[in-house]
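In: Got a sequence here, can you model it:
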Amino acid sequence: MNQMAEEGDKYNIKVVERCFQILDLAASRHAPISVQDVRIALDVNVNMAFRLLTSIQNAGYMDKDPDTGLFSLSLRCLSLSSSALRSLEIRKLAMPYLEMLWHQFPRANMNLAVRNGDDIMIIDRIDGQSLPRTYFTPGRLIPFYCSGVGKVLSCELPESDIDRMILSAGGLKAFTPKTITDRASLLAELAQAREQGVARDRNEYIVGDNCSAVPVRDAQGHIIAAISASALEPNMSADEIEKTIPGLRQAAARISGLLGYYS
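Out: Just a heads-up that it's a prediction; the model follows:
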């Protein structure tokens, strides 16, 4: 393993690594970034930070506001993320079953999510027919501890991984009065999801939004994705979202079967 690490370091190009770090920094922010932001994050001087940002801009992956001098990701990055999402095999397998679920529960949103490192990423979604609705476009990252899909995707992880994910999220921040904000309660919630094979978000992430989620497993039985049904309360009550669980389980079992898993 040490030899492999040494080989990786041998072929690592520092300036390329820094460019990707800048893209990650920009993706993690909800606002444009400055030269100073890059200087601090990468621990480089102002000149180097500016040169790196300008190089990424010249390559077409960042835009610079001429008035503020701030940098933001360009639409060219969207084409990369779209290609990555299209390449995910689980998406190809799951979408026909999400469509069938949507025909059964047309007022609900049908969601497909995976774990991407310490993040939970929505990789596809079918919006319900009813308005208003929440908007979770493919590629959106959502908290693991207060979302149905997030709880499903983390419920079988060791506690050390959960602690790391809490740290990565900046702690258990409250999004609504119903958000779980202490570790013990979260671990109990994850244990329940693990035992029942279903996780729920009842007004925990967005006020008035309810979600039920179930796991999709690979041939080895590992949870690799989650599917869920969600809706705002004017469109479907919490009880109605609860009633989607048998259909979700059946769909997840079929998707898992295509991946080689049979319970």
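In: Please count neighbours and contacts with C-alpha atoms only from this point.
Out: Noted.
In: in this structure, which spans are helices?
Out: Here the chain has its helices, by DSSP state H, at 2-10, 14-28, 35-42, 46-58, 75-87, 89-104, 148-154, 159-168, 183-196, 238-242, 245-258.
In: For these, please prepare JSON lines with the additional fields mean neighbour count.
Out: Shown next, in JSON lines, are these (neighbours: other Cα atoms under 10 Å):
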{"stretch": "helix 2-10", "mean neighbour count": "10"}
{"stretch": "helix 14-28", "mean neighbour count": "14"}
{"stretch": "helix 35-42", "mean neighbour count": "17"}
{"stretch": "helix 46-58", "mean neighbour count": "16"}
{"stretch": "helix 75-87", "mean neighbour count": "13"}
{"stretch": "helix 89-104", "mean neighbour count": "17"}
{"stretch": "helix 148-154", "mean neighbour count": "30"}
{"stretch": "helix 159-168", "mean neighbour count": "14"}
{"stretch": "helix 183-196", "mean neighbour count": "16"}
{"stretch": "helix 238-242", "mean neighbour count": "18"}
{"stretch": "helix 245-258", "mean neighbour count": "19"}
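In: CSV please, covering those and showing distance to Asp67 and mean pLDDT.
Out: Listed next are those as CSV, based on distance: least, Cα to Cα, whole Å; pLDDT from 0 to 100:
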stretch, distance to Asp67, mean pLDDT
helix 2-10, 39, 47
helix 14-28, 19, 88
helix 35-42, 14, 94
helix 46-58, 16, 93
helix 75-87, 20, 62
helix 89-104, 41, 91
helix 148-154, 39, 97
helix 159-168, 33, 94
helix 183-196, 44, 97
helix 238-242, 47, 96
helix 245-258, 50, 94
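In: so which of these comes closest to Thr137?
Out: In terms of Cα to Cα, the element of these nearest to Thr137 is helix 75-87, at 11.1 Å.
In: distance of the spatially most central residue of the chain from Asp43?
Out: The geometric centre of the chain, computed from its C-alpha atoms, lies nearest to Met121 (Cα atoms, centre = their mean), at 1.7 Å. Going from Met121 to Asp43 by Cα to Cα, to the nearest Å gives 29 Å.
In: do Gly171 as well
Out: 25 Å.
In: Compare these two and say which one has the larger neighbour count.
Out: Taking neighbours as other Cα atoms under 10 Å, Gly171 and Asp43 compare with Gly171 leading, 15 against 12.
In: ok so, going back, kindly reformat the helices of the chain as TSV and extend each row with distance to Ser228.
Out: Converted to TSV, the helices of the chain look like this (distance: least, Cα to Cα, whole Å):
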stretch	distance to Ser228
helix 2-10	39
helix 14-28	25
helix 35-42	36
helix 46-58	37
helix 75-87	18
helix 89-104	9
helix 148-154	7
helix 159-168	21
helix 183-196	13
helix 238-242	10
helix 245-258	7
